[in-house]
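Engineer: Kindly generate the corresponding structure for this input.
(one chain, ligands or ions: 1)
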Amino acid sequence: MHDGSGRIAVQNLTKRFGAVAAVQNLSFTVEPGSVTGFLGPNGAGKTTTLRMLLGLVTPTSGAATINGRPHHQLGNPARVVGAVLENEGFHPKRTARNHLRVYASAIGVPDRRADELLGLVGLSSAADRKAGEYSLGMRQRLALATALLGDPQVLVLDEPANGLDPEGIAWLRSFLRSFAQQGRTVLVSSHLLSEVEQTIDQVVIISAGMTRYYGPLEQLRQSQTSRVLVQPADAGELVKALQEAGFTQLEPTPDGRVAVSGATVKEIGDLAAKAGIAVYGMQEDRADLERLFFQLTAGQFSTGQAPYGQQPPPGAWAPPPGYQPPQPGHPGYQGQQGYPPPPQGYQQPQGQQQGWGGQA
Ligand SMILES: Nc1ncnc2c1ncn2[C@@H]1O[C@H](COP(=O)(O)OP(=O)(O)OP(=O)(O)O)[C@@H](O)[C@H]1O
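Structural biologist: Sure thing, here's the model as predicted:
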């Protein structure tokens, strides 16, 4: 029998599709009572990992287990793990209520559970409409209702906020938190940290199939560093003046400004005035989680420019504890030291993606 813990364990998991190494030696655990974000850019290997966990793809090597067992050894898996995967297929002519009843009967739960769940996910009024007429957001709600039919201990969701409206996203957040507070396990994937930031306790960040960060979100948050972006008339003179005054955490920005860590706006302003350097603007810039996420998944840990001097200043943009440097084979791998610029055209995601409002 399984150990009943509700723990998800991924150990040295690897999946190759021909020449494509979709997942490479991935390891992490997800503890019950927490919501874990599984994050990575498009094509990072999230869906493949979740599909291996759910027994839909066979690993090339390594293991993914729930309750200490691979999916095919779970007995009645719907009672253990509920999953919402991308592109969930519904019979287009079947109503939502009938769809849920078919699944309820397949896993041996009573019909009334279908109506309970339609209410929970806010679909009661659309229960008799055909799934083929549902919007993307409605299909997501129906997929979650299906995943919950067996009252599972573990919930695995692949990009669940896709297509949801703001009310739906807020509902989903509070639902997942209360689900985890009952001592259950939630693993939720996303390619946007901002989308899941308010929901998750711990985070697994992957890029090109490899783990880049694994640990509490709070730890990642605490590693944020604030800096001041200064636009001086003469960057070289300002850097010299700052260095002479003992401020050494200085970096040029791609747009020609000087990024100063460890100094206040006032300190920089006073110093520039004393040195007779005109300053046209200063802006406090708090490193947000999204930028850290980008830096981690882009295979680097810098602002994209080599800092003034030889090496990155200690602490200025140091990786957070839990950071795992790129391995050979990762696009961001630069040997022992390397600070390449971010890819051209990268745009920071704007705002939160929208998406529920059932009767949580
Ligand atoms: N069945 C398959 N055959 C061949 N290659 C595949 C297959 N499934 C996935 N891949 C490849 O594996 C890599 C990882 O894909 P995967 O769908 O797991 O990424 P993802 O992180 O879920 O991306 P997204 O956020 O875009 O959904 C990609 O390069 C993808 O093209």
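Engineer: contacts, neighbours, all on C-alpha from now
Structural biologist: OK.
Engineer: ranges for the helices of the stretch 201-350 of the chain?
Structural biologist: 217-222, 235-244, 265-275, 289-297 (DSSP state H, counting those that start in this stretch).
Engineer: I'd like these written out as TSV, with distance to the ligand and mean neighbour count added.
Structural biologist: Output for the helices of the stretch 201-350 of the chain, formatted as TSV (distance: least, Cα to the nearest ligand atom, whole Å; neighbours: other Cα atoms under 10 Å):
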stretch	distance to the ligand	mean neighbour count
helix 217-222	19	15
helix 235-244	40	17
helix 265-275	39	15
helix 289-297	11	21
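Engineer: want to throw these into CSV with mean pLDDT?
Structural biologist: Formatted as CSV, those follow (pLDDT from 0 to 100):
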stretch, mean pLDDT
helix 217-222, 80
helix 235-244, 94
helix 265-275, 95
helix 289-297, 77
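Engineer: Out of those helices, flag the one nearest P32.
Structural biologist: Evaluated with Cα to Cα, the helices of the stretch 201-350 of the chain place helix 217-222 nearest to P32, the distance being 16.1 Å.
Engineer: Give me the distance from that closest one to the chain's centre.
Structural biologist: With Cα atoms, centre = their mean, to the nearest Å as the basis, helix 217-222 stands 13 Å off its chain's centre.
Engineer: Could you list the alpha-carbon positions for that helix in CSV?
Structural biologist: Below are the C-alpha coordinates for helix 217-222, written out as CSV (Å, rounded to 0.1, in the frame of the first residue of the first chain):
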residue,chain,number,x,y,z
LEU,A,217,9.0,31.6,-2.0
GLU,A,218,9.7,33.7,1.1
GLN,A,219,13.4,32.9,0.7
LEU,A,220,13.3,34.1,-2.9
ARG,A,221,11.5,37.2,-1.8
GLN,A,222,14.0,38.0,0.9
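Engineer: counting contacts, what elements does the longest helix seen in the chain pack onto?
Structural biologist: Counting residues, the longest helix in the chain under DSSP state H turns out to be helix 166-181. In terms of contacts (3 or more Cα pairs under 8 Å, 6 or more residues apart in numbering; DSSP states H and E), helix 166-181 is packed against strand 35-39, strand 185-190.
Engineer: And those: which comes nearest D285?
Structural biologist: Evaluated with Cα to Cα, these place strand 35-39 nearest to D285, the distance being 24.1 Å.
Engineer: what's in contact with that closest one?
Structural biologist: 30, 46, 176-177, 180, 185-193, 196, 199-206 (Cα atoms under 8 Å, 6 or more residues apart in numbering).
Engineer: so how far is the ligand from the spatially most central residue of the chain?
Structural biologist: With distances taken as Cα atoms, centre = their mean, L39 lies nearest the centre of the chain, 2.8 Å away. Separation of L39 from the ligand (Cα to the nearest ligand atom, to the nearest Å) stands at 8 Å.
Engineer: what ranges do the strands span in the protein?
Structural biologist: Here the chain has its strands, by DSSP state E, at 8-17, 20-30, 35-39, 61-66, 81-84, 154-158, 185-190, 202-207, 210-216, 226-232, 250-252, 258-261, 279-286.
Engineer: Mean pLDDT added to those strands, as a markdown table?
Structural biologist: Shown next, in a markdown table, are the strands of the chain (pLDDT from 0 to 100):
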| stretch | mean pLDDT |
| --- | --- |
| strand 8-17 | 95 |
| strand 20-30 | 92 |
| strand 35-39 | 94 |
| strand 61-66 | 96 |
| strand 81-84 | 93 |
| strand 154-158 | 95 |
| strand 185-190 | 95 |
| strand 202-207 | 91 |
| strand 210-216 | 88 |
| strand 226-232 | 90 |
| strand 250-252 | 89 |
| strand 258-261 | 90 |
| strand 279-286 | 88 |
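Engineer: Dump those strands into a markdown table; add distance to D270 as well.
Structural biologist: Formatted as a markdown table, those follow (distance: least, Cα to Cα, whole Å):
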| stretch | distance to D270 |
| --- | --- |
| strand 8-17 | 53 |
| strand 20-30 | 48 |
| strand 35-39 | 42 |
| strand 61-66 | 57 |
| strand 81-84 | 56 |
| strand 154-158 | 51 |
| strand 185-190 | 44 |
| strand 202-207 | 41 |
| strand 210-216 | 39 |
| strand 226-232 | 13 |
| strand 250-252 | 17 |
| strand 258-261 | 14 |
| strand 279-286 | 11 |
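Engineer: Without its sequence neighbours, what residue ends up closest to the closest residue to the ligand within the stretch 201-350 of the chain?
Structural biologist: Residue of the stretch 201-350 of the chain nearest the ligand, by Cα to the nearest ligand atom: G209 (6.9 Å). The shortest distance from G209 to any residue other than its chain neighbours is 3.9 Å, reached at V23 (Cα to Cα, 6 or more residues apart in numbering).
Engineer: Considering only the contacts of strand 35-39, which also neighbour the ligand?
Structural biologist: With Cα under 6 Å from any ligand atom as the criterion, the members of the contacts of strand 35-39 in contact with the ligand are 46, 191.
Engineer: Check the contacts of strand 35-39 for burial and list the buried ones.
Structural biologist: 30, 46, 176-177, 180, 185-193, 196, 199-206 (16 or more other Cα atoms under 10 Å).
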